[in-house]
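# dropping the sequence and predicted coords here.
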Amino acid sequence: MDTIYLLIVLAPLAGAIIAGLFGRQIGRVGAHSVTIAGVAISFLLSLVVFYQHVFGGAGVYNESVYTWMVSDGIRFEVGFLVDNLTAMMMLVVTFVSLMVHIYTIGYMQDDPGYQRFFAYISLFTFSMLMLVMANNFMQLFFGWEAVGLVSYLLIGFWYKRPTAIYANMKAFIVNRVGDFGFLIGIAALVFYTGSLNYTEVFAEGQAMSEATITIWPGWTFGLLDLALIFLFIGAMGKSAQVPLHVWLPDSMEGPTPISALIHAATMVTAGIFMVARMSPLYEFSVPALSFILIIGAITAFFMGLIGLVQNDIKRVVAYSTLSQLGYMTVALGASAYAAGVFHLMTHAFFKALLFLAAGSVIIAMHHLQDMRAMGGLRRHMPITYVTALIGSLALIGFPFFSGFFSKDAIIEAVGYSEIPGATFAYWMVLLGVFVTALYTFRMFFLVFHGEERYDQAHHYMPDHGDGEDHHHHGTPHPHETPWVVTLPLILLAIPSVVAGYFIGPMLFGDFFADAIHVKEAQDVLALKGESYTGVFGFVLQGLMLPAFWFAMAGLATAWYLYIKRPDLPAVIADRLRPGVRILEDKYGFDRFNDWFFAGGTRRLGRWLWRYGDAMIIDGWLVNGTARSVGWLSTRVRHVQTGFLYHYAFVMIIGLLVLMFAFVI
């Protein structure tokens, strides 16, 4: 098994190295062939691992592969922990990544950075696999930082665009804030346990829950509470939870394939996976769970509202990702870890599908992204239309689609929870169902139904400020995209429907028994499982619950506003102008980021350059030292005159001084 696990992580890395270093020699076909082959090998082997662990009775694999160093008794190792949770994540990451790789052939076919892009996304896959397969905090941190680095490179892939450079800097800085907290959390756990290994740290969970730490006199905190909250701050950055969410919508500046990969299977799922993996520790800390629950609830509802006022098709899907990550986080905070990772799995499929469908529309519209200049595309793009409909129905939780099972399970589980903040969270996620259906089908109807508005395209063509022409002028003539684009859409549409049917073993069975540990008093999924009678019984129960009717109300509202009465949205927006302005301003988070994180960092950098680099380092240390040496040398050289009698006179004076010192 060691060989299989090594091949799973190293195959994408090998593809990334070959495409990155030898891209010019092997050409475009060679670059996409080698990276797709690497990810395909990883996917097929992940299928084997999944089968062995789920159906073949394979036990938990927890072994060290390589010891990097030992310092003060702490072992820094590369190792793998493979159980059902890991096997599921490996399968999701490699499958979605494979679909994105294939799709990229069509989407990036005219881009001059073709080979570089394939190298980056293959490296992204390697980084995420290292993260999810880790059995220790050092490797977890390596994967954590690696996905952050590659996302920085991919968001700013079109580096000639000022907006892209600003977006990748924003993502990098905001994630550094979260990662600082993440590192503090790891340090606290290692300081107490003296180990980086998951198993050894988890074994100390009970003892750590009883330990306290004094930050300053009079302020004592639970050691485990503090460490786990800091760990979650890291997850807030990676999984884009309020207030560290501001980077995710701007990640749309990268090409659409990477938007799908970031939002569906890598980067943003890292934080959700990490908290689920740490469930043996989080179960001992109600304050940490309550904090997670409230942050997730705020993100789920309030970020969904912003999606209602977005006109860029990719940004609507991006704010949908923020909201859905909030749902997963709420599940984690309610101790329904299995429901959170189950929604992570289903969401990965239908969100990748929606992003790639949006990319298909963008290709057809000659890189126009504003929905106000679309409409009627179902007549021109039948495959994209059907697959986008499947993704939309899955997202809103329509019965028998995957999102119905995972989202309803979260809402019902939170309803059973007694963690402080659970009532607030329940109403936020319930109201969020209506909002999700409204913005999802607002997007769907504006793009695929109604009148064709292509003649308005020139009003909404993007200006990237780089002086280059990124689109065709004139009225777009949309048509269905080639098979390398539509094939991944079809393949992703299948699990977007059927993935939810695994709800029985994953949520109410023992699928995650070896990976996720929940205290009996906090096991809300067990309470929900008492009424579980099967997939069809779950659907029938769901039809009588508020979540279903909230979703249908949102869908009906979208139909009425954007199909039946398309004149009404403008009237409503005028009457609710103050509220709309708040949503368009994104609650001021972006302005705060511009002033504090991005703008503040720039101001700090300029100050450090002016006073630290120019004045102290260059002025005082480097140039100052040179000036001092020059000044001293000009004085010393006057002693070396070249006249013999000067030297004789100095020798006589020196002799007299020595005689005076030692004789007298």
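That came through, no problem.
# give me the three-state assignment for residue 50.
helix (DSSP: H, G, I helix; E, B strand; the rest coil).
# wait, it sits on residue 88?
Yes. At 7.0 Å, residue 50 and residue 88 qualify as touching, with contact defined as C-beta atoms under 8 Å. (C-beta placed from N, C-alpha, C; glycine too.)
# quick one: contacts for residue 241?
235, 271, 295-296, 299, 325-326, 329 (C-beta atoms under 8 Å, 6 or more residues apart in numbering).
# need the pLDDT of it.
Note on residue 241: pLDDT of 93.
# what helix or strand is it located in?
Counting by DSSP states H and E, no helix or strand carries residue 241.
# pLDDT-wise, which helix or strand of the protein ranks last?
Taking mean pLDDT, DSSP states H and E as the measure, helix 457-460 is the helix or strand of the chain with the lowest mean score, a mean of 60.
# what about the helices in the stretch 1-150 of the chain?
2-21, 23-54, 84-107, 114-132, 137-155 (DSSP state H, counting those that start in this stretch).
# what's the closest of those helices to residue 214?
Residue 214 lies closest, by C-beta to C-beta, to one member of the helices of the stretch 1-150 of the chain: helix 137-155, at 24.3 Å.
# and the helix or strand that the closest one is followed by, what other elements does it pack with?
Using DSSP H and E, the helix or strand that directly follows helix 137-155 along the chain is helix 162-193. If contacts are counted by 3 or more C-beta pairs under 8 Å, 6 or more residues apart in numbering; DSSP states H and E, helix 162-193 sits against helix 137-155, helix 198-202, helix 205-210, helix 223-238, helix 247-250.
# what mean pLDDT does the fourth one have?
By that I understand helix 223-238. pLDDT averaged over helix 223-238 gives 94.
# tilt between that helix and helix 114-132?
Put simply, helix 223-238 runs at 160 degrees to helix 114-132, going by axes from the mean of the first three to the mean of the last three C-alpha atoms, to 10 degrees.
# how far away is residue 171 from residue 155?
5 Å (C-beta to C-beta, to the nearest Å).
# shared neighbours, the two?
With C-beta under 8 Å, 6+ apart, residue 171 and residue 155 have common neighbours 250-251.
# tell me, what residue is most central in this structure?
What sits nearest the mean C-alpha location of the chain, by C-alpha atoms, centre = their mean, is residue 268, with 2.2 Å.
# where does the stretch 451-600 of the chain dip in pLDDT?
Applying pLDDT under 70 to the stretch 451-600 of the chain picks out residues 456-476, 594-600.
# what ranges does the stretch 401-550 of the chain have for its helices?
Here the stretch 401-550 of the chain has its helices, by DSSP H, counting those that start in this stretch, at 402-416, 422-448, 457-460, 483-498, 503, 524-529, 535-542, 546-559.
# please name every helix or strand in contact with the longest one.
Read it as helix 422-448. Using 3+ C-beta pairs under 8 Å, 6+ apart: helix 422-448 touches helix 286-306, helix 313-333, helix 382-396, helix 402-416, helix 546-559.
# just the pLDDT for residue 661.
So residue 661 comes in at 80 (pLDDT).
# so is it in a helix, a strand, or just coil?
Residue 661 is classified as helix under three-state DSSP.
# separation between residue 586 and residue 529?
Taken as C-beta to C-beta, the span from residue 586 to residue 529 is 39 Å.
# of these two, who's got more company?
Neighbours were tallied for residue 586 and for residue 529 using other C-beta atoms under 10 Å; the higher tally belongs to residue 586 (20 against 15).
# so that one sits against residue 306, correct?
Yes. Proximity of residue 586 to residue 306 meets the contact threshold set by C-beta under 8 Å, at 5.7 Å.
# dump the helices of the stretch 1-150 of the chain to CSV, plus mean neighbour count and distance to residue 249.
Output for the helices of the stretch 1-150 of the chain, formatted as CSV (neighbours: other C-beta atoms under 10 Å; distance: least, C-beta to C-beta, whole Å):
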stretch, mean neighbour count, distance to residue 249
helix 2-21, 20, 27
helix 23-54, 19, 27
helix 84-107, 25, 20
helix 114-132, 26, 19
helix 137-155, 22, 11
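# how about these in TSV, adding mean pLDDT?
As requested, those are arranged in TSV below (pLDDT from 0 to 100):
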stretch	mean pLDDT
helix 2-21	94
helix 23-54	94
helix 84-107	94
helix 114-132	95
helix 137-155	94
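# identify the residues contacting stretch 204-220?
By C-beta under 8 Å, 6+ apart, stretch 204-220 touches 188-189, 192-193, 221-224, 226-227, 280-281, 283-285.
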